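>>> Attaching a predicted model along with its sequence, questions to come.
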2 protein chains.
Amino acid sequence: MNEFDLIARLAGTLPADASVVVGVGDDCAVLDVGLADRWLLFKTDAVVEGIHFTPSATPEQIGHKALARALSDIAAMAGTPTHALVTLALAGTFDVSFVEGIYRGMNALAARHKVAIVGGETTTNPERMLISIALLGWAAKDKCVRRSGAKVGDAIFVTGELGGSLAGRHLEFEPRLSEARWLAKSFSIHSMIDLSDGLAGDLRHILKVSDVGAELLAKAIPVSRAAKLRGPEGSATKPRLLAALADGEDFELVFTIASADAVSLLDAWKQKFPALRLSCIGKITTGTGITLRDYQGVRPLNVQGYTHFA
Amino acid sequence: MNEFDLIARLAGTLPADASVVVGVGDDCAVLDVGLADRWLLFKTDAVVEGIHFTPSATPEQIGHKALARALSDIAAMAGTPTHALVTLALAGTFDVSFVEGIYRGMNALAARHKVAIVGGETTTNPERMLISIALLGWAAKDKCVRRSGAKVGDAIFVTGELGGSLAGRHLEFEPRLSEARWLAKSFSIHSMIDLSDGLAGDLRHILKVSDVGAELLAKAIPVSRAAKLRGPEGSATKPRLLAALADGEDFELVFTIASADAVSLLDAWKQKFPALRLSCIGKITTGTGITLRDYQGVRPLNVQGYTHFA
């Protein structure tokens, strides 16, 4: 049983009430707390030593990544993060300067995105460090983008380049908060998710809850330089396209938009974010699951994103 | 360096803003999110296998304790909990029915206090289970009780009985939410905290931020049956009074109130909560720290609460 099966099995049993706009099954929980124009976003995310970072990571990188992952989930709903709590589970003995480095990394990222770190707690996890972030934010009620709005005929877009993140990017990525808010403000974005488990896996979450399928164009998928460097297509090492589809930890945005808006989106994006690639990689279709169109024709994409407990 | 020293060292570096009513240093963070009459309360708390529970605990007890600890912090500010997220860090292989048991324990407690569990995540912690709870709640702006309001001359009260919690109570306690709300609604409560690290340790948090001292009356401190059973006063086992002062995990409320209100509080309490003991255990004084008055006279209380990373 993987993470998603377990969560699905547990979700039906959870106590809920009318204030819960979106519970389990989107990037954040969405709550109505009585504010006229906005919803509260609520999210937790954890990183674990040896799984999400290795001893070669600096403490600043570890702190950055811990907070950035949660911020990326706020971005995926076009939200604005506001307040964070930090749970730091440390081995019995620890180096205070290392912990201060973790906070330097978190604080710098938090300050850049105007997030207040309002406390937290330390606890003991004898064998390895674990950092859990609880994050609050808000989204305008009419601009909050969910996973469930993809429509047949939509164009599918992805920011940045995919694959090879473990070569370094996963420790230093900047969450796509301003890009996501600009998108939701400027266009009617039908559905969105951030890429943590890989395009092939995360896009399926959109398809499932929107009850649609997708056709991806192989040559349109933006492959990162890190994925290309790792090995040429067809060699014994991992093919580049597979890396872009399934490596995970990209923390880019995938979203869908009416195809009629695609050209004006690309034009406006180039003006607004000239340094960040935006790619149209396919379209939403009837049916279920993902098909891939390449020089050999169209075939079902069986590769899954990395279905980890992470 | 213990938990409190580390948090104090880090606290000064944290990014903050005007929406933060109370950040580090109280039972919950208190946030102004733009609601006219209420503040948002925000709290995280974690339990770790082998530290906060042992293999002899049932999964229902583990789930109950994980959520109850965080709820107790909402109680300490006289708040009302509303929404929780659950981070479950599991060993690589786990028993699905055990995880379902944990959720049964959490869900039952959540339903009793009208808390919606709005999602969470699972991750891997190979050597031991860790459960982190992120909790939201609210408090009326004019009823939110902080640690910092104790005044010289206040009477100090404690609910329930103290000590010996590890004999069983720590897995089954009911957070004092309704009691705390009734107190804040019915009386002017000057300061309050919940007892997680033991009376001797937690009362010091009130004293420090209120810039006052306390004199406790040894014979007035309510010692639990579990602490009494463990060993008679003066034997080779732990003295009863020390157990009540320092065992920790009581999850009772300690609060201070003007001494003029003490008698009417005791009368009203007996009417409202006849099954739960309420004890006046001393008074707030000038100076710093805690003194203990017993049959030998008055002396400084040097015993600390358990200053764990937990």
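It's in.
>>> Walk me through the domains of chain A.
A:3-140, A:155-300 (automatic domain parsing).
>>> Return the distance of the longest one from the chain's centre.
Just to be clear, that refers to domain A:155-300. Distance, stretch centre to chain centre, for domain A:155-300: 11 Å (C-alpha atoms, centre = their mean, to the nearest Å).
>>> What ranges does the stretch 51-200 of chain A have for its helices?
Under the criterion DSSP state H, counting those that start in this stretch, the stretch 51-200 of chain A carries helices at the ranges A:59-75, A:96-112, A:177-186, A:199-210.
>>> which residues touch A:I62?
By C-beta atoms under 8 Å, 6 or more residues apart in numbering or on different chains, the residues touching A:I62 are A:47, A:53, A:101-102, A:105, A:129, A:131, A:171. Every C-beta, even on glycine, is put in place using the N, C-alpha and C of the backbone.
>>> go with 6 Å
For A:I62, the contact set (C-beta atoms under 6 Å, 6 or more residues apart in numbering or on different chains) comprises A:53, A:102.
>>> Also A:L88?
A:122, A:131.
>>> do A:T87 as well
By C-beta under 6 Å, 6+ apart, the contact set of A:T87 is A:120-121, A:132, B:44, B:46, B:132.
>>> What score does it have for pLDDT?
We have a pLDDT of 95 for A:T87.
>>> does it have beta-bridge partners, and which?
With DSSP bridges as the criterion, A:T87 is bridged to A:E121, A:S132.
>>> one step back: so which of the domains of chain A is the most surrounded?
Burial of the domains of chain A is given as mean neighbour count (mean count of other C-beta atoms under 10 Å in any protein chain shown); domain A:3-140 ranks first at a mean of 21.
>>> for the domains of chain A, which one sits closest to B:A262?
B:A262 lies closest, by C-beta to C-beta, to one member of these: domain A:3-140, at 32.2 Å.
>>> and the closest one, how far apart are its ends?
30 Å (C-alpha to C-alpha, to the nearest Å).
>>> hang on, the earlier thing: mind putting the domains of chain A into JSON lines with distance to B:G164?
Listed next are the domains of chain A as JSON lines, based on distance: least, C-beta to C-beta, whole Å:
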{"stretch": "domain A:3-140", "distance to B:G164": "22"}
{"stretch": "domain A:155-300", "distance to B:G164": "45"}
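>>> Could you point out which of those sits nearest B:G92?
Checking the domains of chain A against B:G92 by C-beta to C-beta gives domain A:3-140 as the closest, at 10.2 Å.
>>> before we move on, the earlier item: okay, the contacts of A:T87 in a markdown table with distance to B:L177 next?
Converted to a markdown table, these look like this (distance: C-beta to C-beta, whole Å):
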| residue | distance to B:L177 |
| --- | --- |
| A:G120 | 22 |
| A:E121 | 20 |
| A:S132 | 24 |
| B:T44 | 18 |
| B:A46 | 20 |
| B:S132 | 20 |
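>>> Just the closest of those to A:I281, please.
Of all those, A:I281 sits closest to A:S132, with 32.8 Å by C-beta to C-beta.
>>> A:S279 versus the closest one, what's the distance?
33 Å (C-beta to C-beta, to the nearest Å).
>>> how long is stretch A:30-45 end to end?
Counting by C-alpha to C-alpha, you get 16 Å between the two ends of stretch A:30-45.
>>> One more: stretch A:188-200?
Start-to-end span of stretch A:188-200 (C-alpha to C-alpha) is 24 Å.
>>> for it, what is the average pLDDT?
Per-residue scores along stretch A:188-200 average to 96.
>>> mind listing what the residue in the stretch 151-300 of chain A positioned nearest to chain B touches?
Residue nearest to chain B within the stretch 151-300 of chain A (C-beta to the nearest C-beta): A:S196, separated by 10.4 Å. Listed by C-beta under 6 Å, 6+ apart, the contact set of A:S196 is empty.
>>> Kindly state the neighbouring-residue count (a burial measure) for A:D154.
26 (other C-beta atoms under 10 Å in any protein chain shown).
>>> Pass me the low-pLDDT residue ranges in chain A, would you?
A:1, A:230-238, A:303-310 (pLDDT under 70).
>>> Just say helix, strand or coil for A:D27.
Under DSSP: H, G, I helix; E, B strand; the rest coil, A:D27 falls in the coil class.
>>> which ones are touching it?
The neighbours of A:D27, taking C-beta under 6 Å, 6+ apart as the test, are A:73, A:76-77.
>>> Same question for A:V21.
By C-beta under 6 Å, 6+ apart, A:V21 lies in contact with A:30, A:32, A:39.
>>> on that earlier part again, wait, which of the contacts of A:T87 is closest to A:L166?
Of all the contacts of A:T87, A:L166 sits closest to A:S132, with 21.5 Å by C-beta to C-beta.
>>> re earlier: quick check, nearest of the contacts of A:V21 to B:D261?
A:D32 (37.7 Å).
>>> Settle this for me: that closest one is touching A:V20, isn't it.
No: using C-beta atoms under 6 Å as the test, A:D32 is too far from A:V20 to be in contact (7.8 Å).
>>> For A:V118, give its distance to chain B.
Distance of A:V118 to chain B, given as C-beta to the nearest C-beta, to the nearest Å: 4 Å.
>>> which parts of chain A sit against chain B?
Residues of chain A lying close to chain B by C-beta under 6 Å from any C-beta of the partner chain are A:1, A:3, A:10, A:13-17, A:20, A:23-24, A:29, A:31, A:34, A:44, A:46, A:48, A:51, A:83, A:85, A:87, A:96, A:103, A:107, A:110-111, A:116-119, A:122-125, A:127, A:132, A:134, A:309-310.
>>> can you tell which of the domains of chain A is closest to B:L183?
Judged by C-beta to C-beta, the one of those that comes nearest to B:L183 is domain A:3-140, at 23.8 Å.
>>> and the closest one, how far from the chain's centre?
Relative to its parent chain, domain A:3-140 has a centroid offset of 13 Å by C-alpha atoms, centre = their mean.
>>> what residues are up against A:A140?
A:A140 neighbours (C-beta under 6 Å, 6+ apart): A:R38.
>>> ignore the last one, A:A76
Contacts of A:A76 (C-beta under 6 Å, 6+ apart): A:27, A:192-194.
>>> Would you format these as JSON lines with distance to A:K151 included?
Below are the contacts of A:A76 laid out as JSON lines (distance: C-beta to C-beta, whole Å):
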{"residue": "A:D27", "distance to A:K151": "19"}
{"residue": "A:M192", "distance to A:K151": "13"}
{"residue": "A:I193", "distance to A:K151": "15"}
{"residue": "A:D194", "distance to A:K151": "20"}
